[in-house]
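Participant: Sharing a model that was predicted from the sequence below.
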Amino acid sequence: MNKADYALKNTFLFTLAGLAGLTFALLTALGILPPQFGNQELRLRGDVPIASVNGESVSKVEYLRALTAMQAGLDRSLTETDKKAALQVLIDEEVILQHALNIGLARSDHMARKNLVQALMRSTALLTDYETDTQKLETFFKEHKHLFIAPRMVRVKIFTTDNTKTAETFRQAVINGEGFTSAGGRLGLTEKNLPDDIPLGKAADYLGGTARDRLATLKEGEIIGPITSGAETNQSYMFIWLMKATRLDVEFNEVAEIVKAEWQRRQEENAFETYLSDLRKSADIRLHNDVIETVDRSDFTTPPDIMN
C-alpha cells in the first residue's frame, strides 16, 4: 500500500469510527436536528455542496478536511488522482450513510444508537450560543469555589467490611461517639493501608473514583460511609476518616481557564437539557404500565435471551 492509499484509508476509517463526517447528515436525515442545520445553513457559513448522492449534499468543507488529512500524511503535493480519491471516499461515506438509514441501523444496532445520541449531544453543545466575560466567570468562581479548591494532600484512615450487619453496627458506634479506630478494631473491620499523605487525585487509584469524589467534599476530621461497591450479592462497605487535609487557596486568575471550561460545560449541559425538554414535549410518549408492572428482579439480573 503506497502512502497516498494509506493516508486515504486512515482518513476514511477515522471518519467512520468517529462519525465526524456523518454527524450532521445523520441527524438531519433522521429529522432530529432543527431545519437551520441543513444545506441553507452551510451556505450561510460559506460552505457549498461539492457533490450529491440521491439529492443529498457532500460538503465542500468536509472535502477540504479530507484533503488536509491526506496531505498531512504525505511528503509530496496531492495529485489530481489523490483529490479524486478523497472525494470518492466522501461519496462512499454518504452512500453508506444512506444505506444504514434505509436498513434502520440507527434503531437496530446498539452502538449506532449510542453514537447517534452522543453525536446529538456534541452537536447541541457546539451550537450553544452563549456569551462569557470575566465578570461572569469570577462570579461563577466565587459561587462554586469548592470545585476549584480541593484538598491537595490528604491523610485518611479506611476500614472495610463485607458484612452488612457489621457495617451498620460500626456506623452506629461512630455516631454514638466511639472512636473510629477503636470501633474498627473492636468489630474486626479490615484496615486499608494508604500512604500517609497523598494527592487527592491519586486517592482514586486506591479507593476508586466514587470514593475519591466523596472524599473531596469532606472537611478535615469528618467521616463518610458506608460507600458500597460490588454486586448486590457480594457488596463491600467502606468508611473513610479524613484525618488531615492540606488545602491550597487559589486566586481566580490562577484557575481562570479551568473555571471557564466548567462554566461552558454547564452552559452546554443546560442547553441540551432545554433542547431535550422541547423534544419530550413534542413527542408522543406513552408508558405501558401493564407491561412495566410485569417486570421483576429476575428480568434484569439474568441476561435476556433475545434469540428465544
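Facilitator: Thanks, I have the structure now. Residues are numbered from 1 along each chain as shown.
Participant: doesn't K244 make contact with E220?
Facilitator: Yes: with contact defined as C-beta atoms under 8 Å, E220 reaches K244; the gap is 6.2 Å. Any C-beta I mention is one placed from the backbone N, CA and C, and that applies to glycine too.
Participant: low-scoring stretches of this structure, by residue?
Facilitator: Low-confidence segments of the chain (pLDDT under 70): 1-46, 124-130, 150-152, 230-233, 247-248, 296-308.
Participant: What segments of it are strands?
Facilitator: Ranges of strands within the chain are 49-53, 56-59, 151-161, 190-192, 198-199, 223-229, 236-247, based on DSSP state E.
Participant: Nearest to A216, out of those strands?
Facilitator: Comparing the strands of the chain against A216 with C-beta to C-beta, the closest turns out to be strand 151-161 (7.0 Å).
Participant: mind listing what's buried in that closest one?
Facilitator: Of the residues in strand 151-161, 151, 154-161 count as buried by neighbour count, 16 or more other C-beta atoms under 10 Å.
Participant: neighbours around I240, how many?
Facilitator: Around I240 sit 27 other residues, with neighbours defined as other C-beta atoms under 10 Å.
Participant: residues contacting it?
Facilitator: By C-beta atoms under 8 Å, 6 or more residues apart in numbering, the residues touching I240 are 156-158, 207, 211, 214-215, 218, 223-225, 227.
Participant: how much space is there between it and M153?
Facilitator: As for I240, its distance to M153 is 15 Å (criterion: C-beta to C-beta, to the nearest Å).
Participant: Repeat that for P226.
Facilitator: Counting by C-beta to C-beta, the gap from P226 to M153 is 25 Å.
Participant: again with T210
Facilitator: 21 Å.
Participant: ok, now A106?
Facilitator: A106 is 49 Å from M153, where distance means C-beta to C-beta.
Participant: Repeat that for E220.
Facilitator: Remark: distance between E220 and M153 (C-beta to C-beta) = 11 Å.
Participant: what's the answer for L147, then?
Facilitator: From L147 to M153 the distance is 18 Å (C-beta to C-beta).
Participant: For stretch 65-81, what is the distance to the chain centroid?
Facilitator: 33 Å (C-alpha atoms, centre = their mean, to the nearest Å).
Participant: middle-most residue in the chain, spatially?
Facilitator: Q118 (8.5 Å; C-alpha atoms, centre = their mean).
Participant: sorry, back to before: who touches both of E220 and M153?
Facilitator: With C-beta under 8 Å, 6+ apart as the test, E220 and M153 both reach 244-245.
Participant: from the buried residues of strand 151-161, which is closest to F272?
Facilitator: Closest to F272, out of all of the buried residues of strand 151-161 and judged by C-beta to C-beta, is P151, at 31.6 Å.
Participant: ok, D278 - contacts?
Facilitator: Applying C-beta under 8 Å, 6+ apart, no residues contact D278.
Participant: Kindly provide the distance from it to R171.
Facilitator: Taking C-beta to C-beta, one finds D278 at 44 Å from R171.
Participant: One more: L78?
Facilitator: 68 Å.
Participant: same thing with Q264?
Facilitator: Taken as C-beta to C-beta, the span from Q264 to R171 is 40 Å.
Participant: Kindly report the same for H144.
Facilitator: Taking C-beta to C-beta as the measure, H144 falls 30 Å from R171.
Participant: G209 too?
Facilitator: Distance, G209 to R171, using C-beta to C-beta: 23 Å.
Participant: still on that earlier bit, with distance to T139 as extra columns, can I get the buried residues of strand 151-161 in a markdown table?
Facilitator: Below are the buried residues of strand 151-161 laid out as a markdown table (distance: C-beta to C-beta, whole Å):
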| residue | distance to T139 |
| --- | --- |
| P151 | 24 |
| V154 | 29 |
| R155 | 34 |
| V156 | 33 |
| K157 | 38 |
| I158 | 37 |
| F159 | 41 |
| T160 | 42 |
| T161 | 45 |
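Participant: What is the most widely separated pair among these?
Facilitator: Going by C-beta to C-beta, the two entries of the buried residues of strand 151-161 that are most distant from one another are P151 and T161, at 25.5 Å.
Participant: can you pull out the helices in the stretch 151-300 of the chain?
Facilitator: 164-175, 180-187, 203-207, 209-215, 256-282, 289-292, 297-301 (DSSP state H, counting those that start in this stretch).
Participant: so can I have TSV of these showing distance to D82?
Facilitator: Shown next, in TSV, are the helices of the stretch 151-300 of the chain (distance: least, C-beta to C-beta, whole Å):
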stretch	distance to D82
helix 164-175	65
helix 180-187	68
helix 203-207	46
helix 209-215	46
helix 256-282	37
helix 289-292	56
helix 297-301	52
